[in-house]
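[1] this is the structure alone, sequence omitted:
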């Protein structure tokens, strides 16, 4: 995994603003996703959300923070932390590994995200870290 100069600068700024240790970041025109080390999510958000608000003000875009995990199931749960996951199943088929995520139908919209952003981010992160695809049900 290689980071661009812009991503390295963003990681540095995020770490300065929050004090949290960042493992990775992905930036697009509307948002930025930061993957923080295990146990660093609280520090990244800050007391009452103060740290994440400083980050949002500095970057002037939507910010997502995901806590890293070595276990793919736990990492997916961290990505979809805002919704209740009913079931997770990892399947290996000839096309590669796939993790099937089942959520409550009422939470499906939140799991997909605006314009499918959350599920796209989940697919990208799972591919990047575990070479797995994500299927949402």
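    Received the coordinates, thanks. Owing to the predicted nature of the structure, the values given are computational and were not obtained by experimental measurement.

[2] what's the pLDDT at the residue located most distally from the centre of the chain?
    Within the chain, residue 94 marks the point farthest from the mean C-alpha position, 26.7 Å out by C-alpha atoms, centre = their mean. pLDDT for residue 94: 84.

[3] once you drop chain neighbours, what's closest to residue 72?
    Sequence neighbours aside, residue 130 is the residue nearest to residue 72 in space, at 4.6 Å (criterion: C-beta to C-beta, 6 or more residues apart in numbering). The way it works is simple: take the backbone N, C-alpha and C, and place the C-beta from them, glycine included.

[4] quickly note the distance from that neighbour to residue 79.
    Relative to residue 79, residue 130 is positioned 11 Å away (C-beta to C-beta, to the nearest Å).

[5] now residue 10
    Going from residue 10 to residue 79 by C-beta to C-beta gives 19 Å.
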